[in-house]
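**Q** take a look and give me a structure for this.
(one chain, ligands or ions: 1)
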Amino acid sequence: MKVLAINGSPHMDEGNTAIILNPFLEGMKEAGADVDLFFTKKLKIGPCNGDMSCWFKNPGKCGQDDDMQMLYPKLMEADVIVWATPVYYAGVTGPLKNLMDRQLPIHMQGELGSKMQKIVLVSTCGAWELSMFDPLLAQMKALYTRSNGNSDLAGALLRPMAEGMKEMIKAGELGLVDGIIQAVKEAGRQIVKEGRISEEIQRKVSKELMPRDAYYKAAKEMMEQVKKSMVQ
Ligand SMILES: Cc1cc2nc3c(=O)[nH]c(=O)nc-3n(C[C@H](O)[C@H](O)[C@H](O)COP(=O)(O)O)c2cc1C
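**A** So this is what the prediction gives:
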(Lines give C-alpha, C1' and ligand atoms only; values in the text may rest on other atoms or scores of the structure.)
Protein backbone atom coordinates (compact mmCIF):
# COMPACT_ATOMS: atom_id res chain seq x y z
CA MET A 1 0.00 0.00 0.00
CA LYS A 2 1.43 3.37 -1.06
CA VAL A 3 0.83 6.31 1.24
CA LEU A 4 1.50 9.94 0.35
CA ALA A 5 1.45 12.32 3.32
CA ILE A 6 1.71 16.09 3.00
CA ASN A 7 2.34 18.18 6.11
CA GLY A 8 1.22 21.78 5.55
CA SER A 9 2.52 23.16 8.86
CA PRO A 10 5.30 25.76 8.67
CA HIS A 11 6.67 24.15 11.86
CA MET A 12 7.19 20.87 10.00
CA ASP A 13 8.49 18.13 12.36
CA GLU A 14 8.61 20.51 15.35
CA GLY A 15 4.92 21.39 15.18
CA ASN A 16 1.77 20.20 16.94
CA THR A 17 0.50 18.62 13.72
CA ALA A 18 3.60 16.42 13.53
CA ILE A 19 2.89 15.20 17.11
CA ILE A 20 -0.21 13.50 15.65
CA LEU A 21 0.92 12.88 12.07
CA ASN A 22 4.21 11.11 12.81
CA PRO A 23 2.89 8.30 15.05
CA PHE A 24 0.04 7.82 12.55
CA LEU A 25 2.61 7.27 9.79
CA GLU A 26 4.62 4.96 12.11
CA GLY A 27 1.49 2.86 12.68
CA MET A 28 0.99 2.59 8.92
CA LYS A 29 4.63 1.60 8.38
CA GLU A 30 4.36 -1.03 11.14
CA ALA A 31 1.41 -2.52 9.24
CA GLY A 32 3.51 -2.71 6.05
CA ALA A 33 2.69 0.51 4.19
CA ASP A 34 5.21 2.31 2.02
CA VAL A 35 5.05 5.93 3.28
CA ASP A 36 6.29 9.08 1.53
CA LEU A 37 6.16 12.33 3.57
CA PHE A 38 6.55 15.87 2.18
CA PHE A 39 6.45 19.28 3.85
CA THR A 40 4.85 22.12 1.88
CA LYS A 41 7.44 24.47 3.42
CA LYS A 42 10.19 22.64 1.54
CA LEU A 43 8.30 22.49 -1.77
CA LYS A 44 8.13 25.14 -4.43
CA ILE A 45 4.47 25.18 -5.44
CA GLY A 46 2.76 28.25 -6.83
CA PRO A 47 -0.99 28.91 -6.83
CA CYS A 48 -3.20 27.63 -9.64
CA ASN A 49 -3.50 30.35 -12.26
CA GLY A 50 -7.01 29.20 -13.17
CA ASP A 51 -6.57 29.25 -16.97
CA MET A 52 -8.00 25.70 -17.28
CA SER A 53 -5.30 24.85 -19.86
CA CYS A 54 -4.86 21.52 -17.98
CA TRP A 55 -8.38 20.56 -19.04
CA PHE A 56 -8.75 22.07 -22.49
CA LYS A 57 -5.46 23.10 -24.13
CA ASN A 58 -3.10 20.41 -22.76
CA PRO A 59 -5.42 17.88 -21.08
CA GLY A 60 -3.92 16.39 -17.88
CA LYS A 61 -0.84 18.68 -17.96
CA CYS A 62 -0.07 21.70 -15.82
CA GLY A 63 2.02 24.37 -17.57
CA GLN A 64 3.75 25.52 -14.36
CA ASP A 65 7.24 24.06 -13.92
CA ASP A 66 7.59 23.58 -10.18
CA ASP A 67 7.51 20.76 -7.57
CA MET A 68 3.97 19.75 -8.55
CA GLN A 69 5.52 18.00 -11.57
CA MET A 70 7.33 15.65 -9.14
CA LEU A 71 4.17 15.21 -7.03
CA TYR A 72 1.66 14.48 -9.82
CA PRO A 73 2.72 10.83 -10.32
CA LYS A 74 2.86 10.31 -6.54
CA LEU A 75 -0.64 11.75 -6.11
CA MET A 76 -1.93 9.42 -8.81
CA GLU A 77 -0.17 6.28 -7.54
CA ALA A 78 -1.08 6.70 -3.86
CA ASP A 79 -3.60 4.33 -2.31
CA VAL A 80 -3.88 6.64 0.69
CA ILE A 81 -3.38 10.43 0.73
CA VAL A 82 -2.92 12.09 4.11
CA TRP A 83 -3.57 15.83 4.30
CA ALA A 84 -1.99 17.13 7.50
CA THR A 85 -2.51 20.74 8.52
CA PRO A 86 -2.93 23.06 11.46
CA VAL A 87 -6.25 24.93 11.34
CA TYR A 88 -5.56 28.40 9.90
CA TYR A 89 -8.63 30.64 9.97
CA ALA A 90 -10.92 27.61 10.00
CA GLY A 91 -9.24 25.98 6.98
CA VAL A 92 -6.01 24.42 5.73
CA THR A 93 -2.79 26.49 5.53
CA GLY A 94 -2.25 28.58 2.38
CA PRO A 95 0.60 26.45 0.96
CA LEU A 96 -1.45 23.27 1.38
CA LYS A 97 -4.43 24.92 -0.32
CA ASN A 98 -2.20 25.88 -3.24
CA LEU A 99 -1.06 22.26 -3.55
CA MET A 100 -4.63 20.96 -3.35
CA ASP A 101 -5.85 23.41 -6.01
CA ARG A 102 -3.06 22.32 -8.33
CA GLN A 103 -4.53 18.79 -8.49
CA LEU A 104 -6.91 19.92 -11.23
CA PRO A 105 -4.96 18.19 -14.08
CA ILE A 106 -5.33 14.79 -12.38
CA HIS A 107 -8.97 15.36 -11.57
CA MET A 108 -9.98 15.40 -15.18
CA GLN A 109 -12.75 12.93 -15.80
CA GLY A 110 -11.35 9.40 -16.00
CA GLU A 111 -7.72 10.37 -15.27
CA LEU A 112 -7.54 8.08 -12.21
CA GLY A 113 -9.43 5.29 -13.98
CA SER A 114 -11.27 3.01 -11.56
CA LYS A 115 -8.74 3.58 -8.77
CA MET A 116 -10.38 4.37 -5.42
CA GLN A 117 -8.13 6.38 -3.10
CA LYS A 118 -8.52 6.68 0.65
CA ILE A 119 -8.12 10.15 2.11
CA VAL A 120 -7.24 10.92 5.74
CA LEU A 121 -7.31 14.36 7.34
CA VAL A 122 -4.89 15.00 10.23
CA SER A 123 -5.36 18.36 11.88
CA THR A 124 -4.60 20.26 15.06
CA CYS A 125 -5.93 23.57 16.34
CA GLY A 126 -5.44 25.94 19.22
CA ALA A 127 -9.09 26.11 20.29
CA TRP A 128 -10.58 23.84 22.95
CA GLU A 129 -13.73 23.27 20.89
CA LEU A 130 -13.83 20.27 18.54
CA SER A 131 -16.32 22.27 16.42
CA MET A 132 -13.34 24.40 15.27
CA PHE A 133 -12.72 21.60 12.71
CA ASP A 134 -16.28 21.71 11.28
CA PRO A 135 -15.50 23.89 8.21
CA LEU A 136 -12.41 21.82 7.36
CA LEU A 137 -14.29 18.56 7.79
CA ALA A 138 -17.18 19.85 5.67
CA GLN A 139 -14.69 20.71 2.89
CA MET A 140 -13.17 17.20 3.04
CA LYS A 141 -16.58 15.50 3.07
CA ALA A 142 -17.72 17.57 0.10
CA LEU A 143 -14.60 16.64 -1.86
CA TYR A 144 -14.24 13.01 -0.94
CA THR A 145 -17.35 10.90 -1.17
CA ARG A 146 -17.48 7.60 -3.03
CA SER A 147 -20.46 8.75 -5.07
CA ASN A 148 -18.53 11.84 -6.17
CA GLY A 149 -15.52 10.24 -7.83
CA ASN A 150 -12.36 8.33 -7.01
CA SER A 151 -11.79 9.25 -3.38
CA ASP A 152 -13.28 8.38 -0.07
CA LEU A 153 -12.69 10.10 3.30
CA ALA A 154 -11.56 7.17 5.43
CA GLY A 155 -11.06 9.07 8.69
CA ALA A 156 -10.06 12.31 10.39
CA LEU A 157 -7.61 12.59 13.27
CA LEU A 158 -8.55 15.90 14.87
CA ARG A 159 -6.67 17.24 17.86
CA PRO A 160 -8.08 20.37 19.50
CA MET A 161 -6.25 22.06 22.45
CA ALA A 162 -3.01 21.25 20.62
CA GLU A 163 -1.04 24.00 22.39
CA GLY A 164 -2.12 22.45 25.71
CA MET A 165 -1.01 19.03 24.50
CA LYS A 166 2.42 20.42 23.59
CA GLU A 167 2.77 22.07 27.03
CA MET A 168 1.76 18.79 28.74
CA ILE A 169 4.47 16.95 26.80
CA LYS A 170 7.05 19.62 27.77
CA ALA A 171 6.01 19.33 31.43
CA GLY A 172 6.31 15.52 31.30
CA GLU A 173 2.56 15.05 32.00
CA LEU A 174 2.35 12.14 29.63
CA GLY A 175 -0.58 10.06 30.94
CA LEU A 176 -3.44 11.42 28.81
CA VAL A 177 -1.18 12.38 25.91
CA ASP A 178 0.23 8.87 25.70
CA GLY A 179 -3.33 7.50 25.36
CA ILE A 180 -3.83 9.85 22.39
CA ILE A 181 -0.55 8.83 20.73
CA GLN A 182 -1.37 5.13 21.15
CA ALA A 183 -4.80 5.73 19.55
CA VAL A 184 -3.12 7.56 16.66
CA LYS A 185 -0.72 4.65 16.06
CA GLU A 186 -3.64 2.23 16.16
CA ALA A 187 -5.39 4.43 13.56
CA GLY A 188 -2.35 3.96 11.30
CA ARG A 189 -2.45 0.17 11.65
CA GLN A 190 -6.23 0.17 11.19
CA ILE A 191 -6.30 2.10 7.92
CA VAL A 192 -3.78 -0.30 6.39
CA LYS A 193 -5.54 -3.44 7.59
CA GLU A 194 -9.20 -2.38 7.41
CA GLY A 195 -9.21 0.58 5.02
CA ARG A 196 -10.92 2.89 7.56
CA ILE A 197 -10.36 4.49 10.95
CA SER A 198 -13.06 3.56 13.46
CA GLU A 199 -15.24 6.20 15.13
CA GLU A 200 -14.00 4.94 18.49
CA ILE A 201 -10.34 5.61 17.62
CA GLN A 202 -11.21 9.03 16.16
CA ARG A 203 -13.02 9.94 19.41
CA LYS A 204 -9.98 8.88 21.47
CA VAL A 205 -7.69 11.14 19.40
CA SER A 206 -9.96 14.15 20.02
CA LYS A 207 -10.45 13.39 23.73
CA GLU A 208 -10.75 16.31 26.17
CA LEU A 209 -7.50 17.00 28.01
CA MET A 210 -8.82 19.53 30.55
CA PRO A 211 -11.95 21.62 31.23
CA ARG A 212 -12.54 24.55 28.86
CA ASP A 213 -12.10 27.35 31.42
CA ALA A 214 -8.86 25.87 32.78
CA TYR A 215 -7.49 25.55 29.23
CA TYR A 216 -8.21 29.15 28.24
CA LYS A 217 -6.88 30.46 31.59
CA ALA A 218 -3.61 28.54 31.09
CA ALA A 219 -3.45 29.64 27.42
CA LYS A 220 -3.82 33.32 28.43
CA GLU A 221 -1.01 33.01 30.99
CA MET A 222 1.20 31.24 28.47
CA MET A 223 0.62 33.94 25.83
CA GLU A 224 1.55 36.66 28.33
CA GLN A 225 4.80 34.81 29.10
CA VAL A 226 5.63 34.37 25.39
CA LYS A 227 4.91 38.06 24.76
CA LYS A 228 7.22 39.08 27.62
CA SER A 229 10.03 36.82 26.38
CA MET A 230 9.68 38.27 22.84
CA VAL A 231 9.95 41.93 23.86
CA GLN A 232 12.88 41.39 26.25
C1 LIG B 1 -2.25 32.19 11.06
C2 LIG B 1 -2.83 31.25 12.10
C3 LIG B 1 -4.19 31.02 12.08
C4 LIG B 1 -4.77 30.16 13.03
N5 LIG B 1 -6.12 29.95 13.00
C6 LIG B 1 -6.68 29.15 13.94
C7 LIG B 1 -8.10 28.95 13.95
O8 LIG B 1 -8.84 29.44 13.11
N9 LIG B 1 -8.60 28.16 14.95
C10 LIG B 1 -7.81 27.58 15.91
O11 LIG B 1 -8.33 26.91 16.78
N12 LIG B 1 -6.47 27.71 15.88
C13 LIG B 1 -5.89 28.49 14.94
N14 LIG B 1 -4.52 28.64 14.91
C15 LIG B 1 -3.68 27.85 15.85
C16 LIG B 1 -3.09 26.59 15.17
O17 LIG B 1 -4.06 25.87 14.45
C18 LIG B 1 -2.49 25.62 16.23
O19 LIG B 1 -1.59 26.29 17.06
C20 LIG B 1 -1.86 24.41 15.57
O21 LIG B 1 -1.80 23.35 16.49
C22 LIG B 1 -0.44 24.71 15.06
O23 LIG B 1 0.09 23.54 14.48
P24 LIG B 1 1.62 23.43 14.02
O25 LIG B 1 2.45 23.60 15.27
O26 LIG B 1 1.75 22.07 13.43
O27 LIG B 1 1.88 24.51 13.03
C28 LIG B 1 -3.94 29.51 14.00
C29 LIG B 1 -2.54 29.76 14.00
C30 LIG B 1 -2.00 30.62 13.05
C31 LIG B 1 -0.51 30.88 13.08
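**Q** quick check: pLDDT value at the closest residue to the ligand within the chain.
**A** Residue nearest to the ligand within the chain: residue 15 (2.6 Å; CB to the nearest ligand atom). For glycine as for every other residue, the C-beta is placed from the backbone atoms N, C-alpha and C. pLDDT, residue 15: 98.
**Q** that one contacts residue 93, correct?
**A** No: applying CB atoms under 8 Å as the test, residue 15 and residue 93 come out as separate, 10.6 Å apart.
**Q** list residues touching both of the two?
**A** Counting by CB atoms under 8 Å, 6 or more residues apart in numbering, the shared contacts of residue 15 and residue 93 are 9, 86.
**Q** what are the buried residues along stretch 177-191?
**A** Using 16 or more other CB atoms under 10 Å as the test for burial, stretch 177-191 gives 177, 180-181, 183-191.
**Q** correction: the previous question concerned stretch 86-105.
**A** 86-88, 92-93, 95-100, 102-105.
**Q** do the same with stretch 5-21
**A** Result for stretch 5-21 [16+ other CB under 10 Å]: buried residues 5-10, 15-21.
**Q** now, which of those sits nearest residue 68?
**A** Nearest to residue 68 among the buried residues of stretch 5-21 is residue 6, at 11.6 Å by CB to CB.
**Q** now for the closest residue to the closest one other than its chain neighbours: which residues touch it?
**A** The shortest distance from residue 6 to any non-neighbouring residue, by CB to CB, 6 or more residues apart in numbering, is to residue 38 (5.3 Å). With contacts taken as CB under 8 Å, 6+ apart, residue 38 has the following neighbours: 4-7, 71.
**Q** over to residue 161?
**A** 126-128, 208-210, 215.
**Q** going through those residues, which ones are buried?
**A** Using 16+ other CB under 10 Å, the buried ones in these are 127-128, 209, 215.
**Q** among those, which two are most distant?
**A** 127 and 209 (12.6 Å).
**Q** name the SS class of residue 28, please.
**A** At residue 28 the chain is in helix, as set by DSSP: H, G, I helix; E, B strand; the rest coil.
**Q** all helices for the protein, in order.
**A** Along the chain, counting by DSSP state H, helices occupy 16-30, 68-77, 94-101, 134-143, 162-170, 175-194, 199-205, 212-231.
**Q** and the spatially most central residue of the chain, bridged to which residues?
**A** For the chain, the residue nearest the mean C-alpha position is residue 84 (1.6 Å; CA atoms, centre = their mean). Following DSSP bridges, residue 84 is listed with bridge partners residue 7, residue 122.
**Q** pretty sure it contacts residue 6?
**A** Yes: between residue 84 and residue 6 there is a contact under CB under 8 Å: 6.6 Å.
**Q** show me what the lowest-mean-pLDDT helix or strand in the chain packs onto, helices and strands only.
**A** When each helix and strand of the chain is scored by mean pLDDT, DSSP states H and E, helix 212-231 comes last, with a mean of 89. Counting contacts by 3 or more CB pairs under 8 Å, 6 or more residues apart in numbering; DSSP states H and E, helix 212-231 packs against helix 162-170.
**Q** go ahead and confirm residue 152 touches residue 118.
**A** Yes: here residue 152 reaches residue 118: they are 5.9 Å apart, a contact under CB under 8 Å.
**Q** quick one: which of these two has more around it?
**A** Between residue 152 and residue 118, residue 118 has the larger neighbour count (other CB atoms under 10 Å), namely 22 against 16.
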